[in-house]
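A.B. asks: the sequence and its predicted three-dimensional model are supplied below.
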Amino acid sequence: MNIIASAVVLTVGHPAASSRFFTSHLGFREVLVADDVIHLSRDDAATDLVVLRGDAQPHPGQQPTAHADVVVSFTVTDLAAEHERLRREGARITMPLRQEPWGEWVLRLLDPNGVVIQIVEWVPPVGA
C-alpha cells in the first residue's frame with residue numbers, strides 16, 4: 001500500500017460553521033464546497049478535513065455509520081504563540097495551554113459544532 005494523502009471526515013450539523021472555524025483560526029482553505037460536504041486542506045503536512053452534514057443521506061448500499069467522539073489533533077511549533085493568537089481571535093479555548101508531566105504542551109479548542117481540536121507541541125521533559 002502506498003498512501004499518498006489522508007483526510008479526517010467530520011460529521012456535523014452545520015458544515016459551513018466548522019469550515020469558517022478551520023479557515024479562520026487554523027489556516028485551512030476550502031478546496032471543494034458542495035451541498036452536504038466541504039473539503040478543507042492546507043499546503044503543509046496537515047491531514048485534510050472533510051466536513052459532512054450529519055443528516056446527509058447515505059449512498060445506496062451504504063450502511064449507516066455509528067458516531068463516536070473524536071479529537072482532531074495537530075502538532076505545531078511555538079504553541080505559546082499559537083495560544084496567544086487563538087485567544088486574541090476569540091477562538092473557544094476549552095483547555096488553556098498547559099504542560100503534561102511527559103513533556104507535551106497542549107491546549108484544546110471547540111469548533112461551533114462541538115468538534116474538539118487539540119493542538120500540541122512535543123517538548124522532552126526536563127532530564128530526559
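C.D. replies: Right, received. Where do you want to start? Numbering: from 1, shown residues only.
A.B. asks: show me the strands in the protein, by range?
C.D. replies: 7-12, 29-33, 37-41, 48-53, 71-75, 93-99, 104-110, 116-122 (DSSP state E).
A.B. asks: which of those sits closest to residue 83?
C.D. replies: strand 93-99 (4.4 Å; CB to CB). Quick note: C-beta positions are derived from backbone N, CA and C, even for glycine.
A.B. asks: rebuild the strands of the chain as CSV, extending it with mean pLDDT and mean neighbour count.
C.D. replies: CSV is the format used below for the strands of the chain (pLDDT from 0 to 100; neighbours: other CB atoms under 10 Å):
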stretch, mean pLDDT, mean neighbour count
strand 7-12, 91, 16
strand 29-33, 95, 12
strand 37-41, 94, 20
strand 48-53, 91, 19
strand 71-75, 88, 14
strand 93-99, 94, 13
strand 104-110, 92, 18
strand 116-122, 90, 17
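A.B. asks: turn the ones you listed into a markdown table, including distance to residue 19.
C.D. replies: Compiled in a markdown table, those are given as follows (distance: least, CB to CB, whole Å):
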| stretch | distance to residue 19 |
| --- | --- |
| strand 7-12 | 10 |
| strand 29-33 | 6 |
| strand 37-41 | 5 |
| strand 48-53 | 6 |
| strand 71-75 | 14 |
| strand 93-99 | 20 |
| strand 104-110 | 15 |
| strand 116-122 | 13 |
